[in-house]
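Asks: Structure for this input, please:
(2 chains)
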Amino acid sequence: MNQPIDPASWNIETSMPKLDALTMGDELAAMGETRPEILVLTADLMFSNATNAFRDKFPDRFINTGIAEQNMMSVAAGLAAAGFKPYVATFASFASLLCAEQVRTDLAYTKMPVRIIAHHAGISMGFYGTSHHAVEDIALMRAIGNMTVVSPCDGAAVRGVLRSTVDVDGPVYIRVGRGAEKPVYDIVPSFDHGRFVRLREGTDATVIATGVGVRAALDAADLLARDGVSIRVLDAVYLKPLDREAVLAAARETGALLTVEEHNPHGGLGGAVAEVLAEAGLGVKFARHALPDGYALVAPPTHLYRHYGLTGEGVQAALMGLLFR
Amino acid sequence: MENRVLPRNRPAEVRDLERRADWIRLQTIRLVEIARSGHYSSVFSCAEMFAALYYSTLRLNPSDPRWADRDRFLLGKGHAAIGQYPCLADLGFFPQDWLDSYTRLGSPLGDHPDMNKVPGCDFSSGSIGHNLSVGVGMALAAQMRGQDYLTWVMLGDGELNEGQVWEAAMSASHYKLSNLIGIVDANGMGLDGPIEEVMNIEPVAAKFEAFGWSTDEIDGHDMRAVQSAFLRAQSADRPHMIIARTRKGKGVRFMEETPFWHLGYLGPADKAIAVKEIEERIAR
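Replies: Residues are numbered from 1 along each chain as shown, chains lettered A, B, ... in the order given. Okay, the predicted model is just below:
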């Protein structure tokens, strides 16, 4: 068989080591050692989500359902009802939009302990376009009763949420990027249920960010520090339940809040934070930095993140607008 | 608590099961009276099969509804739960007086069954087309763990219009789930009229066979045929689908004549006629 001779060549298999933030396959393979109830299901995407690492170790506990995502969700429900703990991995657009009703009715209403690993969320599929983007999923999943929603920002955080949510009752929606996210955490963090993580202390404003927004917020805080502006950064790793206390403390202590997310402006992190502020009667400076209410342009993901301001410079500009408007 | 396993394929007289089917029809009429709205005819078409499943075929444990080795029964056509509840109460899964609360504020018993509220309900349903997939998961779990329980799923024929049913059918044969048995209550009617006019699904048996299932086609109101088909299904070497040809509204003549009793309410005079017809048949 001919092997590629050009170092520029790549295929699905050889590209995987480059996506080092796709840690779920490896982590699940480790968790599977001590938890025989863990199964992994995917719909013809094991190389895209790296669950082949689990398949290699536990072939009898790995179920590939083919390109039939709705069936996969309901099969997972049946497996869970029989005592297993299924982890279901597919693109976030399919997990949340295509399967919304199976997730609501068969997993959430019934309180099945199924974990949905919704990877390539947001606009991280870049020029694949809108069919492969998921910018509505936080809103959809937040509105589903019994659902826990988490959004890890890097490879270590993916491991962290898998460990932290393993015993959560009912289903968990785990929103994951494309695996190329720059690191935020040096070591695997231990997350407390329903709590944000304070990554950076600050006094002039707070950025509450999730997913790729977290790295961008930290970079923005670095840029603004040069001008003497002090920014608190919170990692909104839990979107539901939401860390109400951390939102209120940030509002009272820093007086200005910016939310950052790779999501439609409606119903996401920004909306959730706004609900907390409004109900508490806190009239602080507040803005949502999200994607437009529409459909992203086609471009490589890094170009899209620059275009839509999900970078240090983009978040810096949004903060300047909030603080000095 | 006393362990009360009801073994699989318990001996039952054909005539007793036929009377039980008519009792299910009477109970359905009684519960619809509480709600003042209900799916009479969807139960009437599968009453013989409910009777055979609950009073002969299924291995159950009313004293431990979630017993790991029970046979599973999923009601894909969840709107027929009104005929399932009286059976579960009669077998001792929950108190009889729960039936009197049917659909009233806070009742565990709604139009569609909720597994977390109704002991004996193996999975919630209501959204047509999901439960065959759930059954695939349960049958797969049994296969993986070496458990010998069987998973039965009853679907409506209109339900077969849903695409997810065919995803499930495909996966059941891929995973070689000989422990999965489907029943299509093929009463030929949807809400809007005959299924062959609304969205034809025939030939059902050929379709399932093309998906790798074995099939059986029976008269779903002939108790002997139902019993023997249920026995045959248990020794299939692959997922098995029983296509039960039935009549919507079966057992009450004026209800058999129109599709519109899918949902409805019988006023006192019509209810008396229906009850009389059924009671006379039971007394025979």
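
Asks: pLDDT score assigned to residue 233?
Replies: All of this is about chain A. On pLDDT, A:Val233 comes in at 98.

Asks: my bad, chain B
Replies: 98.

Asks: what does A:Ala76 give?
Replies: 98.

Asks: A:Val247: neighbour count?
Replies: 25 (other CB atoms under 10 Å in any protein chain shown). For every residue, glycine as well, the C-beta is placed using N, CA and C.

Asks: Pull the number of nearby residues for residue 231.
Replies: This is for chain A. 27.

Asks: I was thinking of chain B, sorry if that wasn't clear
Replies: B:Leu231, neighbours per other CB under 10 Å, totals 12.

Asks: How many residues are close by the nearest residue to it once chain neighbours are set aside?
Replies: Closest residue in space to B:Leu231, ignoring its immediate chain neighbours: B:Asn9 at 6.7 Å, by CB to CB, 6 or more residues apart in numbering or on different chains. B:Asn9: 13 surrounding residues under other CB under 10 Å.

Asks: Who are the contact partners of B:Asn9?
Replies: B:Ser56, B:Thr57, B:Leu231, B:Gln234 (CB atoms under 8 Å, 6 or more residues apart in numbering or on different chains).

Asks: And the strands in chain B?
Replies: Using DSSP state E, the strands of chain B run over B:72-75, B:151-156, B:180-186, B:189-190, B:193-194, B:214-219, B:240-245.

Asks: For the residue of the stretch 101-250 of chain B found nearest chain A, give its distance to B:Asp148.
Replies: Taking CB to the nearest CB, chain A has its nearest neighbour within the stretch 101-250 of chain B at B:Gly137, 2.1 Å off. The gap separating B:Gly137 from B:Asp148 is 17 Å, by CB to CB, to the nearest Å.

Asks: cool, and B:Ser45?
Replies: Taking CB to CB, one finds B:Ser45 at 30 Å from B:Asp148.

Asks: Repeat that for B:Trp67.
Replies: In terms of CB to CB, B:Trp67 sits 13 Å off from B:Asp148.

Asks: Now render the strands of chain B as CSV, adding mean neighbour count.
Replies: Shown next, in CSV, are the strands of chain B (neighbours: other CB atoms under 10 Å in any protein chain shown):
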stretch, mean neighbour count
strand B:72-75, 26
strand B:151-156, 28
strand B:180-186, 28
strand B:189-190, 22
strand B:193-194, 12
strand B:214-219, 18
strand B:240-245, 25
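
Asks: what would those strands look like in JSON lines with distance to chain A and mean pLDDT?
Replies: Converted to JSON lines, the strands of chain B look like this (distance: least, CB to the nearest CB, whole Å; pLDDT from 0 to 100):
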{"stretch": "strand B:72-75", "distance to chain A": "8", "mean pLDDT": "98"}
{"stretch": "strand B:151-156", "distance to chain A": "8", "mean pLDDT": "98"}
{"stretch": "strand B:180-186", "distance to chain A": "10", "mean pLDDT": "98"}
{"stretch": "strand B:189-190", "distance to chain A": "20", "mean pLDDT": "88"}
{"stretch": "strand B:193-194", "distance to chain A": "26", "mean pLDDT": "90"}
{"stretch": "strand B:214-219", "distance to chain A": "20", "mean pLDDT": "98"}
{"stretch": "strand B:240-245", "distance to chain A": "16", "mean pLDDT": "98"}
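
Asks: could I get those strands as a markdown table with distance to A:Arg200?
Replies: Shown next, in a markdown table, are the strands of chain B (distance: least, CB to CB, whole Å):
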| stretch | distance to A:Arg200 |
| --- | --- |
| strand B:72-75 | 51 |
| strand B:151-156 | 53 |
| strand B:180-186 | 54 |
| strand B:189-190 | 60 |
| strand B:193-194 | 65 |
| strand B:214-219 | 64 |
| strand B:240-245 | 60 |
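
Asks: can you list the residues of the stretch 151-284 of chain B near chain A?
Replies: Proximity of the stretch 151-284 of chain B to chain A (CB under 8 Å from any CB of the partner chain) is limited to residues B:Gly163, B:Gln164, B:Glu167, B:Ala168, B:Met170, B:Ser171, B:His174.

Asks: Now A:Gly145: closest residue in space, sequence neighbours ignored.
Replies: Nearest to A:Gly145 is A:Ala108, by CB to CB, 6+ apart, at 6.2 Å.

Asks: Thought A:Arg142 was touching the one you found, still the case?
Replies: No. Contact criterion CB atoms under 8 Å: A:Ala108 and A:Arg142 do not qualify, at 11.6 Å.

Asks: Please say which of the two ends up with more neighbours.
Replies: A:Ala108 (21 against 18).

Asks: list the contacts for the more buried one?
Replies: A:Ala108 touches A:Ile144, A:Gly145, A:Asn146, A:Met147, A:Gly170, A:Pro171, counting by CB under 8 Å, 6+ apart.

Asks: hmm, try it at 10 Å
Replies: A:Ala77, A:Gln102, A:Val114, A:Met141, A:Ile144, A:Gly145, A:Asn146, A:Met147, A:Thr148, A:Gly170, A:Pro171, A:Tyr173 (CB atoms under 10 Å, 6 or more residues apart in numbering or on different chains).

Asks: rewinding a little: neighbour count for B:Ser45 and B:Asp148, which is higher?
Replies: B:Ser45 (30 against 11).

Asks: all helices in the chain, in order from the N-terminus.
Replies: Just going to use chain A. Taking DSSP state H, the helices of chain A run over residues A:12-15, A:24-34, A:52-57, A:69-81, A:92-93, A:100-102, A:137-142, A:155-164, A:212-225, A:244-254, A:269-280, A:301-307, A:312-324.

Asks: Actually, chain B is the one I wanted.
Replies: Using DSSP H, helices in chain B cover B:14-35, B:40-44, B:47-52, B:81-91, B:131-145, B:163-174, B:195-198, B:204-210, B:223-233, B:253-256, B:268-283.

Asks: Rebuild those helices as CSV, extending it with distance to A:Ala287.
Replies: Output for the helices of chain B, formatted as CSV (distance: least, CB to CB, whole Å):
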stretch, distance to A:Ala287
helix B:14-35, 50
helix B:40-44, 53
helix B:47-52, 59
helix B:81-91, 49
helix B:131-145, 43
helix B:163-174, 42
helix B:195-198, 51
helix B:204-210, 55
helix B:223-233, 62
helix B:253-256, 62
helix B:268-283, 63
